[in-house]
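A structural model of the following input is requested.
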Amino acid sequence: MQEGNGLSRDQLDFVLDDRRQVYTRHGGVRLPTDLGDGLAAYLPNTPFSDQPYRVVSKFRCDNKEQLITIYLARVAKGRDGIKDLIALMRIAQKRYGELYGCTPGR
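Residues are numbered from 1 along each chain as shown. Have a look, this model is predicted:
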């Protein structure tokens, strides 16, 4: 989701705030500040249990707000799902900047 093209910054904030409430109730972990405003969480035994590993981030890319959400059904045995989600968000934001010609974090 991106600011503009019919979506306002308020709408992005609404989506992030909604997810923040759910993720926080389930022990969500804040993302490092360089990834913007967001959380990663594991949500088993919820309506989202088909893809319980979730991460959301609202970040700037050349002064426009962006929102990326990633869902995973499972992670490999022995892996730290939350750390992997944070690493995937880092990759996703970098790739977003390459595709849309903007610089994440700016």
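
ok, the nearest residue to residue 27 once chain neighbours are set aside - how many residues close by?
Excluding the flanking residues, the one nearest residue 27 by Cβ to Cβ, 6 or more residues apart in numbering is residue 41, at 6.6 Å. Yep, even glycine has a C-beta here, placed from its N, CA and C like the rest. Residues near residue 41, counting by other Cβ atoms under 10 Å, number 24.

check contacts around residue 41.
Going by Cβ atoms under 8 Å, 6 or more residues apart in numbering, residue 41 touches 22, 23, 26, 27, 28, 29, 53, 54, 55, 82.

now the helices for the chain?
9-25, 81-100 (DSSP state H).

out of those, flag the one nearest residue 106.
Between residue 106 and the helices of the chain, the tightest spacing by Cβ to Cβ is seen for helix 81-100, at 9.0 Å.

what does that closest one contact?
The contact list for helix 81-100, computed with Cβ under 8 Å, 6+ apart, reads 29, 31-32, 35-36, 38, 40-42, 53-55, 57, 59, 61, 66, 68, 70, 72, 75, 102-105.

restricted to strands, list the residues you listed.
Among the contacts of helix 81-100, the members falling in strands (DSSP state E) are 29, 38, 40-42, 53-55, 57, 59, 61, 66, 68, 70, 72.

who wins for most neighbours among these?
When neighbours are taken as other Cβ under 10 Å, the top entry among those is residue 55 (28 neighbours).

where does that residue sit relative to residue 70, distance-wise?
5 Å (Cβ to Cβ, to the nearest Å).

tell me what residue 54 is bridged to.
residue 41, residue 71 (DSSP bridges).

flag every buried residue along the lowest-mean-pLDDT helix or strand in the chain.
Counting by mean pLDDT, DSSP states H and E, the chain has its least confident helix or strand at helix 9-25, which shows a mean of 90. Neighbour-count burial for helix 9-25, counted by 16 or more other Cβ atoms under 10 Å, picks out 12, 15, 16, 19, 20, 22, 23.
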